[in-house]
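J.: how would this look folded up:
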Amino acid sequence: PASVAKQAMEGAASQFSVDSDNQDERIAARRARIAQRLEEAQNVDQVVRKEDPVNVALQPEPVKSMAKITADREELDMLREQGLEKVTLVRITADMAESRRRQAEDAAKAQRRKKLEDDRANSARMLDEIMLKWDTAISKSDALELQAALHEQRKACEALTGAKDVLISEIQNELKAKDDEFVKDLRTQTQDVDALLGFMEEQVKTLTTAYKTKLAEIEGTFLAERAELLDAARKEWEGAMSNRSTLEMKALEGSIARVDLHDEDLEKLRLADLEEYNAIKSTLEAEVQSLEQQIQQLRATCLLNAEKLEYNHQVLKKRDEENMVTITQQKRKITRLQDQLNQLRAKAARQEKAFRDENEALTEDYKRITEQFRDLQRKFRHFQAVDQSQYDEVWTMNEEQVTGAAKKLIDADRVIHHQQLGLEFVPPVEEAFHSCKAAAAAAPAAPKPAAEAMVEVMTGPDTLSSRAIKRALALLSDEAGFLVEAKLQQLLAPLNPAAQRMVRLDAIFKALGIESDEDMQRLASYFYAKVPGIAEGELVPADEAMEALRRFVEESRRSKGLDGTSVPDLAASRSPAFWADVIGVLPTAHLKTWKSLSDALGQYERVLTDRARTLAEVQSLDQQNEELRVLLQHYHGSKINDELQIPPTKILSGL
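T.: Residues are numbered from 1 along each chain as shown. This is a model prediction of the structure:
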């Protein structure tokens with residue numbers, strides 16, 4: 001039966017745990033543990049009796065004193081277990097509170113993360129709506145509509161910044177609540193420690209009183225049996241006293257070990273909570289700073305867009321006024337030019353015959369001068385190659401110096417982004433540091449013939465660039481018909497207008513020496529006048545088309561060295577875009593980030609200084625409270641309280 005009971009108790013102890021959240025399971029586990037300890041104590045007594053021949057001889061059967069000792073020992077064990085239950089209850093209560101706090105913290109963290117993600121999505125959506133409305137607002141030409149669009153954009157920007165301000169306020173409130181909760185947890189832990197110490201002191205006093213009481217009862221039992229078993233009782237009493245001292249020492253050592261273990265557990269919990277609090281606070285502060293930076297960037301973007309729209313509005317008003325003046329001037333100019341046209345027609349008829357005779361003489365001179373020019377070109381190419389080699393050496397030396405300085409600047413920017421800001425650094429494209437000569441040395445792709453490029457533009461899909469080139473080519477076909485031979489004009493009569501224009505353009509290209517698509521695009525650019533606020537410019541009037549064509553022919557002759565005034569272009573193999581790329585290797589936004597980082601670090605230093613001062617004050621107050629607590633406990637435990645008629649402890653307990 002004893003073995004069966006022992007197996008049942010061991011099964012109950014293994015099934016239930018004193019750390020369980022269920023109160024009934026904790027009670028069952030404690031009862032099983034008490035029963036197991038009592039059985040072990042009885043087994044030890046039986047083994048001692050069997051091994052001690054004196055006890056076997058003197059006590060052939062149980063006596064009243066031994067029965068009393070056994071009963072008192074059980075009662076004392078029960079008192080110890082009750083004290084341990086109180087101490088364990090404090091720890092379990094603290095663990096349950098901490099578990100609930102962590103569950104609440106996880107739920108709050110998930111809710112806060114969801115709120116931030118929702119706000120990020122809403123902000124992105126609102127920002128996309130604002131950016132889409134900018135294109136619509138820019139396309140408006142009416143001043144009232146533009147003002148209404150600006151007003152709507154301002155409202156949308158204020159709504160976006162308002163949502164960000166509300167989110168920052170909520171996060172700051174949560175941060176303040178976390179600080180208050182941390183202080184409250186510290187107070188609760190202090191109260192738990194005080195309660196634990198109180199339970200331990202009460203347990204020691206209770207056990208001491210119980211030991212004294214039981215000892216007195218055992219001594220009375222021994223005195224009653226003294227007459228008949230004096231010698232045997234003395235030996236038994238000495239053995240019992242020795243055993244009792246050993247048990248007391250073991251109990252005291254176990255109690256001290258448990259107190260030390262509880263102190264270590266409490267200290268670990270306090271440190272873990274402090275680290276978790278610091279981590280959460282640092283994360284929230286970083287998120288607040290990031291949101292503030294985003295708000296500043298959005299405000300700057302809104303102000304810049306508002307200024308652009310205001311400037312475009314003023315430009316459109318000014319252009320309206322200029323157009324009215326231009327219309328009036330053009331009407332007068334048309335009348336004046338009509339008269340001049342009649343006069344020029346008569347003059348052109350007279351000069352045509354003179355120019356024909358002069359052309360024949362100039363043709364002979366042209367052939368002779370062309371032969372001389374070719375000889376001069378051969379000499380020019382030799383000296384140009386020498387000058388180009390010297391120019392390349394000087395360029396390469398300056399390029400290496402500038403590239404080294406730019407790379408040092410990029411390394412400094414990378415350190416600031418990685419170490420100070422913790423952001424991902426996007427390096428500039430490596431092509432910014434490559435020599436334009438190396439790019440030019442690569443085998444260039446063969447240019448597309450002008451005829452194929454013209455057919456693709458005229459018959460292909462309409463894009464922004466193709467539409468501009470198509471308009472320029474249409475103007476050229478209408479105004480430069482004199483470059484097409486009369487026989488070809490007669491052959492084009494049966495064709496449709498589109499085919500006539502394409503054949504006419506092909507003949508004009510041959511007359512002008514246009515051989516590639518680049519030449520065609522360059523020719524088209526001469527038919528557009530740059531206008532502020534318009535990306536592709538404005539097509540020149542038909543009466544200025546010949547002037548644009550003349551400038552193109554002169555520029556082509558100058559670039560090919562046919563005018564005799566061209567200067568060797570040593571930088572032909574080098575592009576000035578290299579210097580623009582090196583100058584802009586560090587974006588303006590990074591410079592603004594540097595300034596914002598400097599300001600933020602200054603503010604962060606001031607916050608840390610104030611926090612260090614506050615922590616020093618808190619530590620001083622904690623030290624004073626600890627000294628007062630120790631002094632109060634010293635006064636409570638003083639022996640003078642026993643001599644007073646009304647000791648202070650009774651007054652405090654009455655309060």
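J.: per-residue pLDDT, Ser653?
T.: Here, the pLDDT recorded for Ser653 equals 61.
J.: So, low pLDDT: which residues of the stretch 351-500 of the chain?
T.: Residue ranges of the stretch 351-500 of the chain with pLDDT under 70: 366, 370, 373-374, 377, 428-448, 450, 460-464.
J.: check which helix or strand covers Arg80.
T.: In this structure, Arg80 sits in helix 64-139 according to DSSP states H and E.
J.: pLDDT of that helix, averaged?
T.: 82.
J.: Who are the contact partners of Thr326?
T.: Contact analysis of Thr326 by C-beta atoms under 8 Å, 6 or more residues apart in numbering lists nothing. Every residue, glycine included, has its C-beta placed from N, CA and C.
J.: A strand includes it, no?
T.: No. Counting by DSSP: H, G, I helix; E, B strand; the rest coil, Thr326 is not found in a strand; it is helix.
J.: And the next helix or strand past the helix holding Arg80?
T.: helix 143-224.
J.: How far away from the center of its chain is that following helix?
T.: Averaging C-alpha positions (C-alpha atoms, centre = their mean, to the nearest Å) puts helix 143-224 30 Å from its chain's average.
J.: what mean pLDDT does it have?
T.: 83.
J.: What helices and strands are in contact with that helix?
T.: In terms of contacts (3 or more C-beta pairs under 8 Å, 6 or more residues apart in numbering; DSSP states H and E), helix 143-224 is packed against helix 64-139, helix 226-415.
J.: Could you identify which of the ones you listed is most buried?
T.: By mean neighbour count, with neighbours taken as mean count of other C-beta atoms under 10 Å, helix 64-139 ranks first of these at a mean of 14.
J.: elements contacting it?
T.: So helix 64-139, by 3+ C-beta pairs under 8 Å, 6+ apart, packs with helix 23-51, helix 143-224, helix 226-415.
J.: Export those as TSV, with columns for distance to Asp610.
T.: Formatted as TSV, those follow (distance: least, C-beta to C-beta, whole Å):
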stretch	distance to Asp610
helix 23-51	47
helix 143-224	14
helix 226-415	14
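J.: how about the residue nearest the centre of the chain, what does it touch?
T.: In the chain, the residue lying closest to the centroid (C-alpha atoms, centre = their mean) is Leu423, at 6.5 Å. Contacts for Leu423 (C-beta under 8 Å, 6+ apart) come out as His417.
J.: and it, that one's in a helix?
T.: No. Per three-state DSSP, Leu423 lies outside any helix segment and is coil.
J.: so Leu586 touches Leu409, yeah?
T.: Yes. Using C-beta atoms under 8 Å, Leu586 is in contact with Leu409, at 5.7 Å.
J.: what comes up buried for stretch 200-216?
T.: 200, 203, 207, 210-211, 214 (16 or more other C-beta atoms under 10 Å).
J.: Show me which pair in those residues is furthest apart.
T.: Met200 and Lys214 (20.8 Å; C-beta to C-beta).
J.: can you pull the pLDDT of Gln623?
T.: In this model, Gln623 carries a pLDDT of 92.
J.: ok, it to Ser516 distance?
T.: 88 Å (C-beta to C-beta, to the nearest Å).
J.: These two - which one has more neighbours?
T.: Ser516 (15 against 10; other C-beta atoms under 10 Å).
J.: where do the strands sit along the stretch 451-600 of the chain?
T.: 528-529, 538-539 (DSSP state E, counting those that start in this stretch).
J.: returning to what we had before: looking at the helices and strands packed on helix 64-139, which is closest to Thr593?
T.: helix 226-415 (8.6 Å).
J.: Pull the distance from the closest one to the chain's centre.
T.: 14 Å.
J.: contacting residues around Ala580?
T.: Counting by C-beta under 8 Å, 6+ apart, Ala580 has no contacts.
J.: What of Pro494?
T.: By C-beta under 8 Å, 6+ apart, Pro494 has no neighbours at all.
J.: now do 10 Å
T.: Contacts for Pro494 (C-beta atoms under 10 Å, 6 or more residues apart in numbering) come out as Gln500.
J.: Please report how far it lies from Gln153.
T.: Taken as C-beta to C-beta, the span from Pro494 to Gln153 is 58 Å.
J.: do Asn323 as well
T.: 28 Å.
J.: now the helix holding Arg80 and helix 226-415, what's the angle there?
T.: Counting by axes from the mean of the first three to the mean of the last three C-alpha atoms, to 10 degrees, helix 64-139 points 20 degrees away from the direction of helix 226-415.
J.: returning to what we had before: distance of the residue nearest to the centre of the chain relative to Val394?
T.: Relative to Val394, and taking C-beta to C-beta, Leu423 is found at 39 Å.
J.: so which of the buried residues of stretch 200-216 comes closest to Arg80?
T.: Among the buried residues of stretch 200-216, and counting by C-beta to C-beta, the member closest to Arg80 is Leu207, at 6.6 Å.
J.: quick one: that closest one and Leu76, what's the gap?
T.: Per C-beta to C-beta, Leu207 is found 7 Å from Leu76.
J.: shared neighbours, the two?
T.: Joint contacts of Leu207 and Leu76 (C-beta under 10 Å, 6+ apart) are 248, 251.
J.: and the helices and strands packed on helix 143-224 as CSV, adding distance to Glu39?
T.: As requested, the helices and strands packed on helix 143-224 are exported to CSV (distance: least, C-beta to C-beta, whole Å):
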stretch, distance to Glu39
helix 64-139, 11
helix 226-415, 16
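J.: Out of the ones you listed, which is closest to Arg551?
T.: helix 226-415 (20.9 Å).
J.: Between helix 23-51 and the closest one, find me the angle.
T.: Computed by the same axes, to 10 degrees, the angle separating helix 226-415 from helix 23-51 equals 130 degrees.
J.: Now do helix 226-415 and helix 143-224, the angle between them.
T.: 160 degrees.
J.: what's the neighbour count on Ala493?
T.: Ala493 has 7 nearby residues by other C-beta under 10 Å.
J.: Likewise for Asp517?
T.: Neighbours of Asp517 using other C-beta under 10 Å come to 19.
J.: In this structure it contacts Ser466, no?
T.: No. In this structure Asp517 lies outside contact range of Ser466 using C-beta atoms under 10 Å: 11.5 Å.
J.: Now for those two: what residues contact both?
T.: In the contact map built from C-beta under 10 Å, 6+ apart, the residues linked to both Asp517 and Ser466 are 456-457.
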